[in-house]
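Undergrad: coords please:
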Amino acid sequence: MASMTEIPQPETKSDFADLIIVGVTAVALSFTTLLLCVMPLAKFAGGRDFVIYWATGQELAQHADPYDKAGMGRIERTAGFPESAGVLFMRNPPWDLLLTLPLGWVGVQAGAVSWSLTLAVCLVIAVRLLWQLNGCPKGCLHWIGISFIPALLCLLMGQTTLFALLGYVLFLDLHGRRPFLAGVSLWLCALKPQLFLPFGVVLLAWILLSKSYRIVAGAAFALTASSAAVYCMDHTAWQGYARMMRAAQIQRDHIPCLSVALRFWLRPESARFNFLPVALACAWALGYFWLRRRTWDWMKDGSLIMLISLITAPYSWVYDDCLAIPPLLYGAYRTRSRIMIALLPLASAAMGVELLAGAKIPTYQFLWTAPVWLTWYLLATRLAKVQTRGDLYTPVVE
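TA: Residues are numbered from 1 along each chain as shown. Alright, predicted model coming up:
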C-alpha cells in the first residue's frame with residue numbers, strides 16, 4: 001500500500017503560497033479552456049498532434065494500414081495537418097492502437113472534443129487519487145497538479161502521456177490491495193515505455209523480492225489481450241511498425257531532452273549514446289532500491305525513481321513532464337515551507353510564459369524543466385525531514 005504517513009496540515013487562512021496557486025491555476029485553466037473551445041470551431045483541430053491518432057483510427061476503421069505513408073498523409077492533409085510537418089505516424093507500440101480505434105468512427109472535430117475530454121478526465125482522476133493516497137489533506141495543493149503546464153500541454157496537443165500518468169497513479173493506488181488490476185493498469189504506462197525504464201527495472205526487482213506475481217499476470221494479460229485484438233484488426237501491424245520506426249530514424253531527430261542534447265554535444269554520430277544516461281540511471285536505481293528493499297514504499301521511495309526515469313529517458317518531450325505530478329504533489333503535501341510550495345506553481349507558470357513568448361516545443365529551450373522538478377523535489381523532501389526532526393526535539397511548554 002502507498003504510504004499514509006501523517007502529513008502536516010496547512011494553516012486555515014490563505015497565505016501568499018495559496019494566492020499564487022489560485023492565481024496560476026485560474027490563468028492556466030482559463031487559457032486552456034479558451035483554446036480548447038476555439039480550436040475545433042476554428043477548424044484547427046487538425047493542427048495538433050491529436051490528428052496523428054485520429055488518422056490512425058481512420059485507417060484502422062477502414063481496415064487499412066496505419067503505417068502506410070500515402071494513406072496517412074492523405075488523411076492528415078484533409079484534417080488540416082500542415083504539409084511542412086511531413087507525414088507522421090503513431091510511434092507508440094502497436095498494442096496501443098486500440099486507443100485510436102474509436103476515433104475512426106467520428107470526424108476530426110468531434111474526435112478532438114471527445115479526445116480532449118477523455119484526457120481531461122484522466123488528469124482529474126489521477127490528481128484526485130493522489131490526493132486520497134496522500135491522506136486527503138486540506139488546502140488547495142491539488143490544484144498544482146490540475147494546472148501543471150506540461151499536463152495542460154498534453155490536453156492542448158492531444159498527447160497520450162496523460163493516459164500513462166493515469167496508469168502510473170492507478171498502480172500506486174492498487175498495487176497493495178488489487179495487484180492483478182495494478183498490473184493491468186501498467187498497460188497504460190506501456191504507451192510510452194521509454195519514460196519508465198529505471199522505474200520498470202526497480203519494479204521487476206521489487207516483484208521478484210516481494211513475490212507479487214499477480215502484478216506480472218495482470219500486465220501480461222493486458223498486453224496479450226490488446227496485442228491479440230490488434231492482430232485481429234491488422235495482422236501486419238508489428239511488421240508495419242518496425243518498418244516505420246526504421247524509416248523514421250528517430251536517432252537523428254533533435255528531440256529536446258537531456259539525453260539527446262548530451263549525445264549531440266559529445267558524440268552526435270553514436271545513437272547508442274542516447275541510452276547511456278538511462279543505463280546509468282537503471283544501475284543507480286537498483287542500488288537505491290536494494291538499500292531500501294525491506295521498507296520499500298512506492299509512493300515515498302518510488303517518487304525519486306520516477307523523476308530520475310523522466311530526466312534520463314532516451315527521448316522525451318516537455319509535455320511528458322506531466323509524469324512528475326505524483327512526486328511533486330508528494331513533496332508539496334509534506335513540506336511546510338510555504339516558499340517551496342509557492343515556487344512550484346511559479347516554475348510551472350514560467351513554462352507558460354515561455355510558450356506565450358514564442359518558445360517552440362521542438363527546441364532545447366525547455367531543457368531546464370526536468371532538472372528543476374528533480375531539484376525542487378529533493379529540496380522539498382529534505383526540508384520536510386528537517387522540519388519533522390526539529391519537531392521531535394521541540395520542548396513542550398505547559
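
Undergrad: Please name the nearest non-neighbouring residue to Gln132.
TA: Nearest residue to Gln132 in three dimensions, chain neighbours excluded: Asp173, at 7.7 Å (CB to CB, 6 or more residues apart in numbering). For glycine as for every other residue, the C-beta is placed from the backbone atoms N, C-alpha and C.

Undergrad: so what secondary structure elements neighbour the strand or helix carrying that neighbour?
TA: In this assignment (DSSP states H and E), Asp173 forms part of helix 161-174. In terms of contacts (3 or more CB pairs under 8 Å, 6 or more residues apart in numbering; DSSP states H and E), helix 161-174 is packed against helix 108-133, helix 149-157, helix 179-189, helix 325-334.

Undergrad: Now do the buried residues in the longest one.
TA: Going by neighbour count (16 or more other CB atoms under 10 Å), the buried part of helix 108-133 is 108-109, 111-113, 115-116, 119-120, 122-123, 126-127, 129-131, 133.

Undergrad: got the CA coordinates for whichever helix or strand comes after it in CSV?
TA: With elements assigned by DSSP H and E, the helix or strand that comes after helix 108-133 is helix 142-146. The C-alpha atoms that make up helix 142-146 are tabulated as CSV, following Å, rounded to 0.1, in the frame of the first residue of the first chain:
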residue,chain,number,x,y,z
HIS,A,142,-4.1,19.5,-5.6
TRP,A,143,-4.7,22.4,-8.0
ILE,A,144,-0.9,22.4,-8.6
GLY,A,145,-1.4,19.1,-10.4
ILE,A,146,-4.6,20.2,-12.3
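
Undergrad: For helix 142-146, name the packing helices and strands.
TA: If you count contacts as 3+ CB pairs under 8 Å, 6+ apart, helix 142-146 packs onto helix 16-41, helix 108-133, helix 325-334, helix 338-356.

Undergrad: Take the ones you listed and lay them out in TSV including distance to Trp54.
TA: Shown next, in TSV, are the helices and strands packed on helix 142-146 (distance: least, CB to CB, whole Å):
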stretch	distance to Trp54
helix 16-41	12
helix 108-133	5
helix 325-334	26
helix 338-356	23
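
Undergrad: any chance of those helices in a markdown table, plus mean pLDDT?
TA: Shown next, in a markdown table, are these (pLDDT from 0 to 100):
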| stretch | mean pLDDT |
| --- | --- |
| helix 16-41 | 86 |
| helix 108-133 | 93 |
| helix 325-334 | 96 |
| helix 338-356 | 93 |
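
Undergrad: Looking at these, spot the one closest to Arg74.
TA: Arg74 lies closest to helix 108-133 among the helices and strands packed on helix 142-146, at 13.3 Å (CB to CB).

Undergrad: The closest one - contacts with which helices or strands?
TA: helix 16-41, helix 50-61, helix 142-146, helix 149-157, helix 161-174, helix 325-334.

Undergrad: Kindly reformat the helices and strands packed on helix 161-174 as TSV containing distance to Leu195.
TA: Shown next, in TSV, are the helices and strands packed on helix 161-174 (distance: least, CB to CB, whole Å):
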stretch	distance to Leu195
helix 108-133	15
helix 149-157	12
helix 179-189	8
helix 325-334	13
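
Undergrad: These: which one's closest to Thr224?
TA: Judging those by CB to CB, what sits closest to Thr224 is helix 179-189, at 10.2 Å.

Undergrad: Show residues contacting that closest one.
TA: Defining contact as CB atoms under 8 Å, 6 or more residues apart in numbering, one finds that helix 179-189 is touched by 95, 163-164, 166-168, 170-171, 173-175, 196, 212, 214-223, 226.

Undergrad: For ChimeraX, write the select line for the buried members of those.
TA: Per 16+ other CB under 10 Å, the buried members of the contacts of helix 179-189 correspond to this ChimeraX selection:
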select :95,163,164,166,167,168,170,171,173,174,175,196,212,214,215,216,218,219,222,223,226
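
Undergrad: tally of neighbours for Val184?
TA: Neighbours of Val184 under the rule other CB atoms under 10 Å: 23.
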